[in-house]
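A.B. asks: Next input, structure requested:
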Amino acid sequence: MARYRKIDPRIWNDEKFRLLTDDGKLSFLYLLTHPHLTAIGAMRASVDGLSKELGWPMKRFAKPFAELLRNGFLEFDKTASCVVLKNFLKYNRPDNPNQVKAWSSSIDYIPECKLKVELVERLKRFAEQLGKRFAEGFAKAFPKPFRNGLPNHEQEQEQEQEQEKEQEQEQEEKKSKPPASSPSANELIAIWCEEFKKKRGTNPIITGRIVGTAKRLVDVLKPDETTRELFRRYLDDGDPWLTKQGHPFTALESRLDAYRIAPETNPQPQWKQEKEEKQRKFKATAEKVEAELRAEGKIK
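C.D. replies: Residues are numbered from 1 along each chain as shown. Presented below is the predicted three-dimensional model:
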């Protein structure tokens, strides 16, 4: 289990956290520092067991637990007794690829359920955002695809075939795409430098990795996107890790969809729609768990 945890003192500036009840705040900090919480922010636990460990009556603990679910601080599978802290990795990111490889031992302690499958996918995306070496570390730790939490060879074959088809389609699209359909790598870098300087007051250092990223972005940016606005959205993102790293251009590639500008016919940007859909799912799950706890008489 993870011996040390990081708690950002800015948590007290977070509106969602401040609006929690006192028991809600204490329960979240309790879960965040729980001895059984793994390095991937998940553990096997039940509401009954957690309340007994705290020495609280069931009704007292069940209420703030449901509050944390309702506000998206955690996810819970009652049947599997699986608890996942949603943003744990955001503040407890691995320092090196070896720590990513160690995730494979942590995942063994998590009960088999849908949350576990979603957690593995989340870990994969997070590792890819950290860079190539971290992504390679994840691939070594989790060499097989997961279905219901278990490696599945049939699924692996299907995914390989799908990837081959997608690559062939991409090649065909590149051949048929007119040269002027998106800005060149140099133009992308020039726009990036302008927006970076506006935001930070200084020019960014252009490295070979940045040039390589720009060349790849030229292939995926569509002609109906406003590249300049996309860069602004990225530079305005208050994500703690991005802020600490100085919003590196190389990290934008894996996060591109989050900053894409939706077509005018779409009333909301794609990233906002996805966020609202996740919030709806979290709310539905929280309401279901809360209803079950009420039916069992554990909360009023």
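A.B. asks: measure the residue at minimal distance from the centre of the chain to Lys90 for me?
C.D. replies: Centroid-nearest residue in the chain: Arg122, 5.4 Å away (criterion: CA atoms, centre = their mean). Using CB to CB, to the nearest Å, Arg122 is found at 11 Å from Lys90. For the C-beta atoms, the positions are set from N, CA and C on the backbone; glycine is no exception.
A.B. asks: related to what we said a few turns ago, chain neighbours aside, what residue packs nearest to the residue nearest to the centre of the chain?
C.D. replies: Leu89 (7.8 Å; CB to CB, 6 or more residues apart in numbering).
A.B. asks: For Lys275, see how far away that neighbour is.
C.D. replies: 18 Å.
A.B. asks: The two - which one has more neighbours?
C.D. replies: Relative neighbour count places Leu89 above the other of Leu89 and Lys275, with 20 against 13, counting by other CB atoms under 10 Å.
A.B. asks: The more buried one is in contact with Thr38, isn't it?
C.D. replies: No: using CB atoms under 8 Å, Leu89 makes no contact with Thr38, being 11.1 Å away.
A.B. asks: which stretches of the stretch 51-200 of the chain form helices?
C.D. replies: Using DSSP state H, counting those that start in this stretch, the helices found in the stretch 51-200 of the chain span residues 58-70, 88-91, 97-101, 103-107, 114-130, 132-141, 153-176, 185-200.
A.B. asks: Adding mean pLDDT, write these out as TSV.
C.D. replies: Converted to TSV, the helices of the stretch 51-200 of the chain look like this (pLDDT from 0 to 100):
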stretch	mean pLDDT
helix 58-70	94
helix 88-91	90
helix 97-101	92
helix 103-107	90
helix 114-130	92
helix 132-141	90
helix 153-176	56
helix 185-200	87
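A.B. asks: among the ones you listed, which is the most enclosed?
C.D. replies: Highest mean neighbour count of the helices of the stretch 51-200 of the chain: helix 58-70, a mean of 21 (counted as mean count of other CB atoms under 10 Å).
A.B. asks: Mind giving me the packing neighbours of it?
C.D. replies: helix 22-32, helix 47-54, strand 74-77, helix 270-295 (3 or more CB pairs under 8 Å, 6 or more residues apart in numbering; DSSP states H and E).
A.B. asks: any idea which of these is most buried?
C.D. replies: strand 74-77 (a mean of 21).
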